[in-house]
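Engineer: Provided below for reference: sequence and predicted model.
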Amino acid sequence: MSENLHLERGEWPWLASLLLVGCLALTAFTLNAYHFTDGQGGVPLDDAWIHFQFARNLARGDGLSFNPGQPTSGSTAPLWTLLLTGVYLVGGDFPIAGQVLSAACYLAMLAATYALGKQLTGHRWAAWLAGMVVALNGRMVWAGLSALEICLFAALSLLAISAHLHDRVAHRYRLRTAALFGLAALSRPEGYLLFALAMADYMWSISRITNHISRFTHYVLHILRQLPLLPIALFALIILPYLLFSYQTSGHLLPNTYHAKATVGLLPDRAFRDSLSVSATYLILDNPLLLPFLLFGLILLLFGQASLLSLWCAALPLAYAFIRASLYQHGRYLMPLVPCNAVVAVWGMLEAEKLARRRWPTLITKLQRKLGGLRVSVVLFTLLIVAGTAWRLPEMATLYARNVDNINQMHVALGHWIEENTSPGDVVALNDIGAITYISERKVIDLAGLVTPEITPAMRSPAQTQQLIGYLAEQDVAYVVIFPNWFPGLTERSDVLTEVHRVTLEHNTIAGGETMVVYRLNWQR
């Protein structure tokens, strides 16, 4: 299975048309959002502003910090933070600069999808179809304009998987392949899982060609000698600095987000089943027509030379289920799987067609004749598959515009309110830390624990309210900006909190609550 990232002359029209469709989709979503927000525009999720804050502080010389001068491993995507920092240093203005960067990654992801599709199927049409399924997936267009790291991770994952498939066949693991996996891991911590799966897959492929060794000890030693030690060392070298930084600042190797949000459970409880149910729902919504071919392709690939694709597509949803991750916000944590699913589904479709031709050649020939011949059949089938994805584009374009409007009306507006109505030295406690911090430039306490990990024990304590009040008093917090439904015990303490401002969304589509309230804290001095 050869890896070929150099396009042949006849492939340029296929890729160019794919990228053109991607640009049109991005433009349509953008114009619709600008119209809906009366020309304001913006990002569809507050998390983008978190990245902007990290990037601005890094560019200003304050290190990898959220509050200037306080190092923290709150960024789950340090590579994305570095890229945003570079954009800021050359004069990029957030959020637009961040959206341009994520849009570029979206287009790179489409090109990587085409390359992997061509590598796996050997057909330009099939590679183009897989790319088109991704380009017209409304969730991926949303990601392309989100100013988040989703498309960067997806593109790097596709390139790493493509290189791995080549190396697996060649039985020689390249440093370049390990570097791609390392960069993917720096763009999302899920990249660690992807590399672990890649190494397991590579060693399994080696074990299958060494089964002639009879003695178990010699067999194991031979396998160990085949370990790609230099590529593994390079991967470790790429990821180690941030792991050590995280350990130094928080006492954990993984970013604060994991410890703040994850609840590991090995038994399949209701949360486990709910997570898998959400994953299955998004699979169906992405393209119901391709779902049978996806399942067929996953099974076949698991026992072939591209087993990493099957492992990755199955392992990521399972991993999220085991850590009880909340797959909200359009399933954004699962979005990097969309291109892989598309490639596997198209490959499975081709394999199903081959199987059908072998078993029912006469029936397939008659069916093609009724449809007007082979070329007409291919065109009709292509349109049908594309329509199976594109049917949700209008809905997702509307949701994207509403998401942007929600973030502007609530988080951006509150950021300006805090900037105008508090003193520069005031400390503010928040449960959504992005836009409010970036715009107000106040020191903040993160009640979700993403950049204030020391608060996590208090949040999980049965005596949450009392411990929170004690911590807020210790940090001399002047204002609290929260969703009241998240902290019912805290908001009932009228002796400590006085409401001074609130924002209520008429149609909430993305925020953690319909109403966010600003409280002034009344400490007894």
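Structural biologist: Here it is on my side, so go on. Numbers count the residues shown, from 1 in each chain.

Engineer: For residue 428, give me its contacts.
Structural biologist: Neighbouring residues of residue 428 by C-beta atoms under 8 Å, 6 or more residues apart in numbering: 418, 422, 436-437, 440, 442-445, 477-481. C-beta: built from backbone N, CA, C; applies to glycine.

Engineer: and the gap between it and residue 414?
Structural biologist: According to C-beta to C-beta, to the nearest Å, residue 428 and residue 414 sit 10 Å apart.

Engineer: can you list residues touching both of those two?
Structural biologist: With C-beta under 8 Å, 6+ apart, residue 428 and residue 414 have common neighbours 436, 481.

Engineer: care to break this protein down by domain?
Structural biologist: 9-41+73-359, 396-521 (automatic domain parsing).

Engineer: Sort out which residues of stretch 430-447 are buried, please.
Structural biologist: 430-440, 442-447 (16 or more other C-beta atoms under 10 Å).

Engineer: can you give me the strands in this structure?
Structural biologist: Taking DSSP state E as the test, the strands found in the chain are 427-430, 443-446, 479-482, 497-504, 515-521.

Engineer: Which strands or helices does the second one pack on?
Structural biologist: If contacts are counted by 3 or more C-beta pairs under 8 Å, 6 or more residues apart in numbering; DSSP states H and E, strand 443-446 sits against strand 427-430.

Engineer: Just read off the phi/psi values of residue 478.
Structural biologist: Dihedral pair for residue 478: phi -90, psi -30, per degrees, to the nearest 10.

Engineer: no, scratch that, I was asking about residue 136
Structural biologist: phi -100, psi 10.

Engineer: count of neighbours near it?
Structural biologist: Neighbourhood size, residue 136 [other C-beta atoms under 10 Å]: 22.

Engineer: Likewise for residue 404?
Structural biologist: 29.

Engineer: Next up, the contacts around it.
Structural biologist: Here residue 404 is in contact with 33, 36-37, 41-44 (C-beta under 8 Å, 6+ apart).

Engineer: now residue 339
Structural biologist: 109, 112-113, 116, 130, 134, 140, 154, 158.

Engineer: change it to 7 Å
Structural biologist: 109, 113, 134, 154, 158 (C-beta atoms under 7 Å, 6 or more residues apart in numbering).

Engineer: can you redo these as CSV with neighbour count, pLDDT and distance to residue 455?
Structural biologist: Output for the contacts of residue 339, formatted as CSV (neighbours: other C-beta atoms under 10 Å; pLDDT from 0 to 100; distance: C-beta to C-beta, whole Å):
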residue, neighbour count, pLDDT, distance to residue 455
109, 30, 98, 36
113, 29, 98, 40
134, 30, 97, 39
154, 29, 98, 32
158, 27, 98, 37
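
Engineer: Now, those that are in helices?
Structural biologist: Residues of the contacts of residue 339 located in helices (DSSP state H): 109, 113, 134, 154, 158.

Engineer: Now do the contacts for the nearest residue to the first one once chain neighbours are set aside.
Structural biologist: Taking C-beta to C-beta, 6 or more residues apart in numbering as the measure, residue 109 lies nearest to residue 155, with 4.1 Å between them; neighbours along the chain are not counted. With contacts defined as C-beta under 7 Å, 6+ apart, the neighbours of residue 155 are 105, 108-109, 112.

Engineer: follow-up on the earlier one: any idea which of the domains of the chain scores lowest on pLDDT?
Structural biologist: Per-stretch mean pLDDT for the domains of the chain is lowest at domain 9-41+73-359 (a mean of 90).

Engineer: Start and end of that one, how far apart?
Structural biologist: 36 Å (C-alpha to C-alpha, to the nearest Å).

Engineer: quick one: it to chain centroid distance?
Structural biologist: Domain 9-41+73-359 has its C-alpha centroid displaced from the chain centroid by 9 Å (C-alpha atoms, centre = their mean, to the nearest Å).

Engineer: just to revisit the earlier point, redo the ones in helices among the contacts of residue 339 as TSV? Include distance to residue 239.
Structural biologist: Shown next, in TSV, are these (distance: C-beta to C-beta, whole Å):
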residue	distance to residue 239
109	22
113	25
134	27
154	19
158	19
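
Engineer: Pick the one among those residues closest to residue 515.
Structural biologist: The nearest member of the ones in helices among the contacts of residue 339 to residue 515, counting by C-beta to C-beta, is residue 154 at 34.4 Å.

Engineer: Contacts only, for that closest one.
Structural biologist: 109, 335-336, 339.

Engineer: how close does it get to residue 332?
Structural biologist: Here residue 154 is placed at a distance of 11 Å from residue 332 (C-beta to C-beta).

Engineer: again with residue 13
Structural biologist: Counting by C-beta to C-beta, the gap from residue 13 to residue 332 is 32 Å.

Engineer: Could you check which of those two is surrounded by more residues?
Structural biologist: residue 332 (18 against 11).

Engineer: Tally up the residues packed near the closest residue to residue 384 other than its chain neighbours, please.
Structural biologist: Residue nearest to residue 384 in three dimensions, not counting chain neighbours: residue 289, with 6.5 Å by C-beta to C-beta, 6+ apart. Neighbourhood size, residue 289 [other C-beta under 10 Å]: 17.

Engineer: cool, residue 73 as well?
Structural biologist: The number of residues packed near residue 73 is 27, by other C-beta under 10 Å.

Engineer: just the helices in the stretch 301-450 of the chain please.
Structural biologist: Using DSSP state H, counting those that start in this stretch, the helices of the stretch 301-450 of the chain run over residues 307-322, 337-359, 361-370, 374-390, 393-407, 413-421, 434-440.

Engineer: Since that was my last question, I'll sign off now.
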